[in-house]
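J.: generate coordinates for the sequence data below:
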Amino acid sequence: MKVFIGASGPDNVTVLPKNKGIKQFDLQEDKDFGPFMAVDHANNILVTYRYHGPPIFYNNLPTSKLRYIANELDDLTGGANTVVAFGIWAHFTHFPMEVYIRRLLGIRRAVMRLLDRAPRTLVIIRTGNPRSLTLHYSLIHSDWYSMQRNKVLRALFTGLNVHWIDAWEMAVAHHLPHSLHPQTAIVMNMIDILLSHICPKKSG
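T.: Numbering: from 1, shown residues only. As a prediction, the model looks like this:
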């Protein structure tokens with residue numbers, strides 16, 4: 001099984017290597033941006049992670065590392081043993097909504113192409129979540145902006161065979177404080193939902 005993860009930052013996938021059966025493969029890449037890879041030989045599982053394309057709020061990311069989610073989706077063969085999970089929202093909250101919509105439309109077309117050539121590919125989308133807010137961040141990264149992007153995200157992927165990890169509701173319902181990168185307990189809940197889609201319990 002191949003699992004591709006694209007997200008707003010590596011913090012949300014650092015819990016994966018704690019599994020005793022899965023080992024992180026050292027690609028000699030930047031520890032902040034990746035790409036990252038982990039392998040579970042016993043269960044024939046390959047997990048890859050790649051940072052999304054701009055907008056990115058880091059100063060020293062080489063342009064050679066920039067890959068858009070749509071490009072990654074187009075490079076996948078897909079199939080019953082391929083899982084794609086991605087989230088896109090945080091770095092768009094202080095851009096006009098039109099910029100976000102254009103990016104999502106490109107990703108939507110790539111998802112449609114992937115599902116056309118490999119209908120059994122599992123595509124999972126992670127929503128945004130509330131973050132901790134200072135006065136400064138309340139003005140440019142307000143949760144109101146994030147919620148609007150969540151609504152647009154869901155609307156644009158309506159009608160496609162995709163599954164959801166509702167990070168917003170999971171963070172709001174938890175007693176831990178809001179954070180751009182939720183704490184481990186919340187991330188583990190998200191991974192449990194991810195795994196419930198990948199490995200559903202068989203009836204009988």
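
J.: just how off-centre is the longest helix seen in the chain within its chain?
T.: Once the chain is assigned using DSSP state H, the helix that runs over the most residues is helix 97-117. Averaging C-alpha positions (CA atoms, centre = their mean, to the nearest Å) puts helix 97-117 14 Å from its chain's average.

J.: this protein: helices as residue ranges?
T.: Listed from the start of the chain, the chain has helices (DSSP H) covering 69-75, 97-117, 135-140, 143-156, 167-173, 184-198.

J.: in CSV: those, plus mean neighbour count.
T.: For glycine as for every other residue, the C-beta is placed from the backbone atoms N, C-alpha and C. As requested, these are arranged in CSV below (neighbours: other CB atoms under 10 Å):
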stretch, mean neighbour count
helix 69-75, 18
helix 97-117, 16
helix 135-140, 10
helix 143-156, 16
helix 167-173, 17
helix 184-198, 15
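
J.: look up the closest residue to residue 85, ignoring the ones flanking it.
T.: Nearest residue to residue 85, sequence neighbours excluded (CB to CB, 6 or more residues apart in numbering): residue 124, at 4.3 Å.

J.: quickly list what that neighbour is bridged to.
T.: Taking DSSP bridges, one finds residue 85, residue 163 as the beta-bridge partners of residue 124.

J.: I'd assumed residue 197 was in contact with it.
T.: Yes - counting by CB atoms under 8 Å, residue 124 does reach residue 197; the two are 5.8 Å apart.

J.: shared neighbours, those two?
T.: 83, 163 (CB atoms under 8 Å, 6 or more residues apart in numbering).

J.: ok so, going back, would you single out the least confident of the helices of the chain?
T.: When the helices of the chain are compared by mean pLDDT, helix 135-140 comes last with a mean of 81.

J.: who touches it?
T.: Applying CB under 8 Å, 6+ apart, the contact partners of helix 135-140 are 93-94, 131.

J.: confidence-wise, which of these comes last?
T.: Within the contacts of helix 135-140, residue 94 has the lowest pLDDT, namely 83.

J.: residues contacting the closest residue to residue 105 other than its chain neighbours?
T.: Spatially, and ignoring its direct neighbours in sequence, residue 105 is nearest to residue 156 (6.8 Å; CB to CB, 6+ apart). By CB under 8 Å, 6+ apart, the contact list for residue 156 reads 101, 104-105, 108.
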